[in-house]
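Chemist: Sequence plus the predicted model coming up.
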Amino acid sequence: MTLAEQLKRNKANQPYQFNPFDAEFKANPYPYYDYLRTHDPIHWGMLGGWVITRYADAKAILKDPRVDEAPMPDSFRKKSQYLAKKERDLEALILASQHWLFFLNPPDHTRMRGLVAKAFKRQSLQEMTPEIQVIANQLLLPFKEKGSLDIVTDFANLLPIKVIMKFLGLPEQDEHFVRGWVRDIFSIFDPLNSLQKCEAMNQISREFSAYLQHHINQRRKQPQSDLITALVEVEDGGEKLTDEEIISSCMMLAAAGEGTTASIIGNSILALLNHRVQLELLQQQPNLINKAVEELLRYDSPTQLVLRTAREPLEIAETTINKGDFIILCLGAANRDPQQFVDPDRLDLLRSDNQHIAFATGIHFCLGAALARVEVPIAIKTLVQQLPNLQLAINRVEYHDNVVTRFLKSLPVTFDVA
């Protein structure tokens, strides 16, 4: 019997405290979300903030102008002040992160998102489809005669960075060290990073920034048809992006796009392997892929938690959230809310009216969602169509420790050799 089931039987004597570090929670958070959503939907958690699990509440808060992004760069500044006593700092990390759209609020967010979105529009994502398909095919080719591979380490972790390198216009031969930077800087979203981890990200920020600055300088001399050039050239009403803002935008896209997309691919294949009827449906009707991806995003969302702070007092379901209070929005819980989704714990690739919030909503709706919605369908369709009789090769899966993202460490599978 799980902890969540025990609590349902005796909730009065065993009040539940939301704990994203609990081993059972990491393995399967959804029974815990369900308990909170039913019994304590505006829950004061052990992390010192309000834990929101209902879809309507989460969506309302995401769109509320009185709610700001969690000030991660401010957290790094405080840690940097502490390190200053030891003649160390986090200045490179602060400089890199302070322009990430995820951490900006209006009016700075409004100006920068407008410019970055305009640069994005210059890139034809649909034109990248053949290139993404080629990359996916090439990644699978060495394993076709082996009859086995690891979906995460051999495919999902590699496809996104290759796509992002092409999108940004970075040299293919640099992929190995760029992937290392990107994977480590992805931890920037974890609000509980240790001082040691922050110092490691600071060093990465210094190296990655210098690398991107070199390419920005090159694009000014020799423009290309890539996103870095578009970011350098974009202008709106006389406003342009600074080099620091371009560097931050590239780092943000690379980190969020690589980690989140890899997570979606791994989680989606695991979900399909655990729901054979749905897997067979997708194999038989590949034209369902775009609808299927939306359901897979809802069913096991890559970003489980997003963090906010109240700039003004809020009243949510007769609970007062005070100014300055920390808010943890459980997107994974919201996307399984029975008040919004019929039979939410069932994977249904034919589900209609699927207004999930896996990419959030409001002004901080994920800018990279459009790229993910091109990339992920190709990845999943390639895997389920090209690997016959796909089977899970382990009994138990493990997830990374990041409390924000639900990200498999590995996913070994077997399949029939053609």
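Modeler: Structure's in. What do you need?

Chemist: Report the contact partners of A271.
Modeler: If a contact means CB atoms under 8 Å, 6 or more residues apart in numbering, then A271 has 278, 296, 299-300, 347 as its contacts. The C-beta positions use only the backbone N, C-alpha and C, and glycine is treated the same way.

Chemist: Report the secondary structure state of it.
Modeler: Here A271 is helix, with the state taken from DSSP: H, G, I helix; E, B strand; the rest coil.

Chemist: For R406, see how far away it is.
Modeler: Separation of A271 from R406 (CB to CB, to the nearest Å): 11 Å.

Chemist: if I look at these two, which residues touch both of them?
Modeler: Residues touching both A271 and R406 (CB under 8 Å, 6+ apart) are D300.

Chemist: L307 falls within a helix, correct?
Modeler: No. Under the criterion used here (three-state DSSP), L307 is strand, not part of a helix.

Chemist: That one and R298, how far apart?
Modeler: According to CB to CB, L307 stands 21 Å off from R298.

Chemist: Could you report the neighbour count for L390?
Modeler: A count of nearby residues for L390, using other CB atoms under 10 Å, gives 19.

Chemist: can you pull the contacts of it?
Modeler: So L390 contacts 269, 273, 279, 383-384, 413-415 (CB under 8 Å, 6+ apart).

Chemist: Now a PyMOL select for only the buried ones of those.
Modeler: With 16 or more other CB atoms under 10 Å as the criterion, this PyMOL line picks the buried residues out of the contacts of L390:
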select buried, resi 269+273+279+383+384+413+415
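
Chemist: Out of the contacts of L390, list just those in helices.
Modeler: With helices defined by DSSP state H, the entries of the contacts of L390 inside them are 269, 273, 279, 383-384.

Chemist: Turn the residues you listed into CSV, columns for pLDDT and distance to T129.
Modeler: Below are the ones in helices among the contacts of L390 laid out as CSV (pLDDT from 0 to 100; distance: CB to CB, whole Å):
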residue, pLDDT, distance to T129
I269, 98, 20
L273, 98, 26
L279, 97, 23
L383, 98, 16
V384, 97, 17
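
Chemist: tell me which of those is nearest to N137?
Modeler: L383 (11.1 Å; CB to CB).

Chemist: was I right about that closest one contacting I151?
Modeler: Yes. L383 lies in contact with I151 (CB atoms under 8 Å); the separation is 7.0 Å.

Chemist: what's the overlap in contacts for those two?
Modeler: 265, 269.

Chemist: ok, back up a step: how about JSON lines for the contacts of L390, with distance to A370 added?
Modeler: Shown next, in JSON lines, are these (distance: CB to CB, whole Å):
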{"residue": "I269", "distance to A370": "22"}
{"residue": "L273", "distance to A370": "28"}
{"residue": "L279", "distance to A370": "26"}
{"residue": "L383", "distance to A370": "22"}
{"residue": "V384", "distance to A370": "23"}
{"residue": "V413", "distance to A370": "29"}
{"residue": "T414", "distance to A370": "34"}
{"residue": "F415", "distance to A370": "31"}
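
Chemist: Now the one residue sitting closest to the centre of the chain. Nearest residue, chain neighbours left out?
Modeler: In the chain, the residue lying closest to the centroid (CA atoms, centre = their mean) is T260, at 3.5 Å. Leaving aside its sequence neighbours, T260 sits nearest to P302 (CB to CB, 6 or more residues apart in numbering; 5.0 Å).

Chemist: ok, now K291?
Modeler: In space, and not counting its chain neighbours, K291 is closest to L349: 6.5 Å by CB to CB, 6+ apart.

Chemist: same question, P338
Modeler: In space, and not counting its chain neighbours, P338 is closest to P344: 5.3 Å by CB to CB, 6+ apart.

Chemist: any idea how far the one you found lies from C330?
Modeler: Taken as CB to CB, the span from P344 to C330 is 13 Å.

Chemist: Please identify which of those two sits among more neighbours.
Modeler: Neighbour count, other CB under 10 Å: between P344 and C330, C330 has more, with 28 against 20.

Chemist: from what I can see the more buried one touches W50, true?
Modeler: No. Using CB under 8 Å, C330 is not in contact with W50; the gap is 10.7 Å.

Chemist: mind listing the strands in the stretch 201-350 of the chain by residue range?
Modeler: Secondary structure of the stretch 201-350 of the chain by DSSP state E, counting those that start in this stretch: the strands cover 305-310, 314-316, 319-321, 326-330.

Chemist: Right, I'll leave it there.
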